[in-house]
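Participant: Below is the sequence, then the predicted model.
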Amino acid sequence: MQEVTEQLTAKLFGERLRQMREAKGLSLREFASQIPLSHGALDRYELGKRLPSDDALQIIAKGLGEPFYKLQEILFECQALALLRSSGNLSSSSVDQVMRYIRFAREEDRKAKREREAG
């Protein structure tokens, strides 16, 4: 089951990564030429054949003009969603409900952090 979950995580994350790149108006080749990662590596990530390392994730985040934590959060969401879907014990509406809770909790955590920093 762990292998299935990892494969689904890679597929889900790859889809999100492609959407983010396309939202910036970049082709895969253009993006690869702007960052120190090969076209082949980016292609494998977007096709869901492999998950990027933390170093590669940092490079991708910088290339997209996004904070590293945002890509980490997306990866976490993909992992959670893959785990929930592969369990087979939850309906799709239950999975959606859990994911909404995860997003809500993450946003509340961000708000609390900003309040602490503001003093």
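Facilitator: Perfect, thanks for sending it. Numbering: from 1, shown residues only.

Participant: When you work out contacts or count neighbours from here on, use the C-alpha atoms and nothing else.
Facilitator: OK.

Participant: Is residue 71 part of a helix or strand, or is it coil?
Facilitator: helix (DSSP: H, G, I helix; E, B strand; the rest coil).

Participant: mind checking pLDDT for the residue nearest to it when sequence neighbours are not counted?
Facilitator: The shortest distance from residue 71 to any non-neighbouring residue, by C-alpha to C-alpha, 6 or more residues apart in numbering, is to residue 61 (6.6 Å). The model reports residue 61 with a pLDDT of 97.

Participant: Start at 638, not 1
Facilitator: Right, with 638 as the first residue, what we last looked at is residue 698.

Participant: Near residue 698, how many other residues are there?
Facilitator: Neighbours of residue 698 under the rule other C-alpha atoms under 10 Å: 19.

Participant: May I have the host helix or strand of it as CSV, with CA atoms only?
Facilitator: Take DSSP states H and E as the rule and residue 698 turns out to sit in helix 691-701. Only the C-alpha atoms of helix 691-701 are listed here, as CSV (Å, rounded to 0.1, in the frame of the first residue of the first chain):
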residue,chain,number,x,y,z
ASP,A,691,13.9,19.1,-0.9
ASP,A,692,16.8,20.7,-2.9
ALA,A,693,15.0,20.3,-6.2
LEU,A,694,11.8,21.6,-4.5
GLN,A,695,13.6,24.7,-3.4
ILE,A,696,15.0,25.3,-6.9
ILE,A,697,11.5,24.8,-8.4
ALA,A,698,9.9,27.2,-5.8
LYS,A,699,12.4,29.9,-6.6
GLY,A,700,12.0,29.4,-10.3
LEU,A,701,8.2,29.8,-9.9
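
Participant: Please identify the buried residues of that helix?
Facilitator: Counting neighbours by 16 or more other C-alpha atoms under 10 Å, one finds that the buried residues in helix 691-701 are 693-698, 700-701.

Participant: ranges for the helices of this protein?
Facilitator: Here the chain has its helices, by DSSP state H, at 639-660, 665-671, 676-683, 691-701, 705-724, 729-755.

Participant: Might one say that the residue nearest to residue 708 is in contact with residue 709?
Facilitator: No. Counting by C-alpha atoms under 8 Å, residue 698 does not reach residue 709; the two are 9.3 Å apart.
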